[in-house]
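In: Here is the input, now give the coordinates:
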Amino acid sequence: HVQLVESGGALVQPWGSLRLSCSASGFTYSTYCFSWFRQAPGNQREGVATIATDGTTTYADSVKGRLTISRDNAKNTVDLQMNSLKSEDTALYYCATGGKYGGKWFGVDWGQGTQVTVS
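Out: Numbers count the residues shown, from 1 in each chain. Next comes the predicted model:
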């Protein structure tokens, strides 16, 4: 079965950097698109970055230029490099299969989440 495990969340100061990683198993990794979502307390879950099978990336406007999604097909991992972090980036970050289609973000399989706190 599909398994996604996130890691790398931490407490970081404003303008700091953090790298999240998602390890995928149980399916043919290279044929899937992956995304990172986040959910802050009191807010709906939102998509922040997605990467297609060919490496094409798409970002939410709020994170463009600060967050970078990447994938390593040899290691079955999907990373999210986060730079110039702001307090509003504080959230539980989820890795998911899926992407952005027709202007909407879709997640199918989900990890358990990793907490990022910027303070």
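In: contacting residues around the residue positioned nearest the centre of the chain?
Out: When the chain is reduced to its mean C-alpha position, the nearest residue by CA atoms, centre = their mean turns out to be residue 36, at 2.2 Å. Shown in contact with residue 36 (CB atoms under 8 Å, 6 or more residues apart in numbering): 20, 22, 47-50, 67, 69, 78, 80, 93-96. C-beta here means a position set from N, CA and C on the backbone, and glycine is covered the same way.
In: what sits opposite it in the beta ladder?
Out: Beta-bridge partners for residue 36, by DSSP bridges, are residue 49, residue 95.
In: Distance of it relative to residue 62?
Out: Going from residue 36 to residue 62 by CB to CB, to the nearest Å gives 13 Å.
In: Are there residues contacting both of the two? Which ones?
Out: With CB under 8 Å, 6+ apart as the test, residue 36 and residue 62 both reach residue 48.
In: Can you list phi and psi of residue 108 for me?
Out: The phi and psi values for residue 108, taken as degrees, to the nearest 10, are phi -110, psi -60.
In: so it touches residue 97, yeah?
Out: Yes: with contacts counted by CB atoms under 8 Å, residue 108 reaches residue 97, the gap being 4.8 Å.
In: Who has more neighbours out of the two?
Out: More neighbours surround residue 97 than the other of residue 108 and residue 97, with 20 against 12 (other CB atoms under 10 Å).
In: Phi, psi for the more buried one please.
Out: phi -80, psi 150.
In: Spell out which residues sit in contact with it, please.
Out: 2, 4, 27, 32, 33, 34, 35, 107, 108, 109.
In: so how far is residue 68 from it?
Out: 19 Å.
In: ok, now residue 104?
Out: Residue 104 is 22 Å from residue 68, by CB to CB.
In: Same drill for these two, tell me which one is more crowded.
Out: residue 68 (17 against 8).
In: Can you list the helices and strands that the helix or strand containing that one packs against?
Out: Assigning secondary structure by DSSP states H and E places residue 68 in strand 67-72. Judged by 3 or more CB pairs under 8 Å, 6 or more residues apart in numbering; DSSP states H and E, the packing partners of strand 67-72 are strand 34-39, strand 46-51, strand 57-59, strand 77-82.
In: Turn these into CSV, including distance to residue 16.
Out: Compiled in CSV, the helices and strands packed on strand 67-72 are given as follows (distance: least, CB to CB, whole Å):
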stretch, distance to residue 16
strand 34-39, 17
strand 46-51, 17
strand 57-59, 19
strand 77-82, 9
